[in-house]
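1. The following block contains a protein sequence and its predicted model.
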Amino acid sequence: DDLYLLNRLRLNMDVLPLPWLKFSFQAEDSRVFGQNALPAPATQKDAMDLRIGYVQVGGEQSPVTLSAGRQRLDFGDGRLLADANWSNVGRTFDAWRVTLHHGASKLDLFSGTSVKVNPLDFDMPTPGQHFHGAYGSLGGLVSKAIIEPYVFWRLEHNYKSESGKPGNLDEKTVGFRFAGKLPASFDYGSEIAYQTGSWAGDSISAWTGRWVVGHTLPNADHKPRFFVEYARASGDAASKDGQHGTFDTLFASSHDKYGLIDLFGSSNIVYFRPGFQYTVRRGLTLSTAYNDLWLENAHDGLYVAGKSVARSVKGAAGTHIGQEADFQALWTVSRATQFTVGYGRLFPGEFLQSMTTGMPYNLLFLNLAQRF
């Protein structure tokens, strides 16, 4: 049982001395009250700090835009690289970024390091980490659709191989996202990524895929939408074979990607979700979903926030993680005020019943966002 209050204050300032020159700053103060875990997780607490501070040369519509400094890197729907905004602290990078625009298409090139949150001191870049990438957005190639190819390169120190040998991470992720609309009010989305490289000497071979199809009924006032989603991410078949098969979540935002309670990420998982959304009136939307979660490989473990938290001996605990029911309401009162309320309940499957006490997990949250 746990009950706590999260508070986050962000103060923004933009300075535009010239039409093509901008200085952007954001101070953030994140606090948690009533948390049972001591010290509080770094995702919940970070006393007043500089979250964003960069200079941008070139306007939003310029053919070339350059930004350098502490900034957000947020692409696609956030499954691999995002500012984890549902976290009370979020995520930024100390990086440079070049954006090239041409018609309905653009290309982002960047290089940097994720910022490591320090609740008691100034946040600094993660030691020994280097993260590079290219993210494209191709519009106009397919009617009413967007194609987003990308490649990420992650380098980091102090990793361990399956045999326990220390070494470095050299990981490349190549993939694409494809989303759009079809006739008769259908919509679709897909994202596939493959990882290769070296994990402290072990060979990396991992992948993930996600597919969703939705249909909005012809009701202009309430916009009822049904959708079905399926996702799968590879796990590791053997723990001592020198082959790393578990998909790395990189710097993802996991909120409501694998259930509303946010326990799981895209490592060694098979996920199925049908759902329904309904606009009660302007500004008020209700949604519900059923989630069914499985391990992709019984010999690999269950991952939370990219870390293995449970692994059965020789896969004897089975693969069914559990089922989750979610309900959520979003009320946009005005451009400045927004309320969100949500409830999720996880019913343990055979894996959780074997590896834990087997108790259901419940999450209820209330959220108020106010802009001034």
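-> Looks like it came in fine.

2. any idea where the strands of the stretch 201-350 of the chain begin and end?
-> Taking DSSP state E, counting those that start in this stretch as the criterion, the stretch 201-350 of the chain carries its strands at 202-216, 225-233, 243-244, 269-281, 284-295, 302-304, 307-310, 320-332, 337-348.

3. Nearest to residue 16, out of the ones you listed?
-> Closest to residue 16 of the strands of the stretch 201-350 of the chain, according to C-beta to C-beta: strand 337-348, at 27.0 Å. For glycine as for every other residue, the C-beta is placed from the backbone atoms N, C-alpha and C.

4. how much distance is there from stretch 109-118 to the middle of the chain?
-> Taking C-alpha atoms, centre = their mean, to the nearest Å, one finds stretch 109-118 lying 15 Å from the centre of the chain it belongs to.

5. distance of the closest residue to residue 295 other than its chain neighbours from residue 354?
-> Among residues not flanking residue 295 along the chain, residue 319 sits closest, at 4.2 Å (C-beta to C-beta, 6 or more residues apart in numbering). As judged by C-beta to C-beta, to the nearest Å, residue 319 and residue 354 stand 11 Å apart.

6. out of those two, which sits in the busier spot?
-> When residue 319 and residue 354 are compared for neighbours, residue 319 comes out ahead with 21 against 14, by other C-beta atoms under 10 Å.

7. how about the more buried one, what does it touch?
-> Residue 319 is in contact with 270, 294, 295, 296, 297, 298, 350, 351, counting by C-beta atoms under 8 Å, 6 or more residues apart in numbering.

8. what does residue 160 give?
-> Taking C-beta under 8 Å, 6+ apart, we find residue 160 in contact with 166, 167, 200.

9. which one among these gets closest to residue 84?
-> Here the nearest of those to residue 84, counting by C-beta to C-beta, is residue 200; it sits at 25.9 Å.

10. bridging residues for the closest residue to residue 222 other than its chain neighbours?
-> Take residue 222 and drop its neighbours on the chain: the residue closest to it by C-beta to C-beta, 6+ apart is residue 279, 5.0 Å away. Beta-bridge pairing for residue 279 (DSSP bridges): residue 285.

11. need the contact list for residue 279.
-> 221, 222, 223, 224, 285, 286.

12. Residue 73 now?
-> 81, 82, 83, 92, 93, 95, 97, 110, 112, 133, 251.

13. I'd say the fifth one and residue 123 touch.
-> No: counting by C-beta atoms under 8 Å, residue 93 sits too far from residue 123 to count as a contact (11.3 Å).

14. Looking at the two, which one has more neighbours?
-> residue 93 (25 against 19).

15. In terms of helices and strands, where is the nearest residue to that one once chain neighbours are set aside?
-> The shortest distance from residue 93 to any non-neighbouring residue, by C-beta to C-beta, 6+ apart, is to residue 112 (4.3 Å). Here residue 112 sits within strand 105-116, counting by DSSP states H and E.

16. partners of the helix or strand just after that strand, with directions?
-> As assigned by DSSP H and E, the chain's next helix or strand after strand 105-116 is strand 124-125. As defined by DSSP bridges, the strand partners of strand 124-125 come to strand 105-116 (antiparallel).

17. Tell me the gap between the partner strand and the middle of its chain.
-> On C-alpha atoms, centre = their mean, the centre of strand 105-116 falls 16 Å from the chain's centre.

18. Cool, thanks, signing off.
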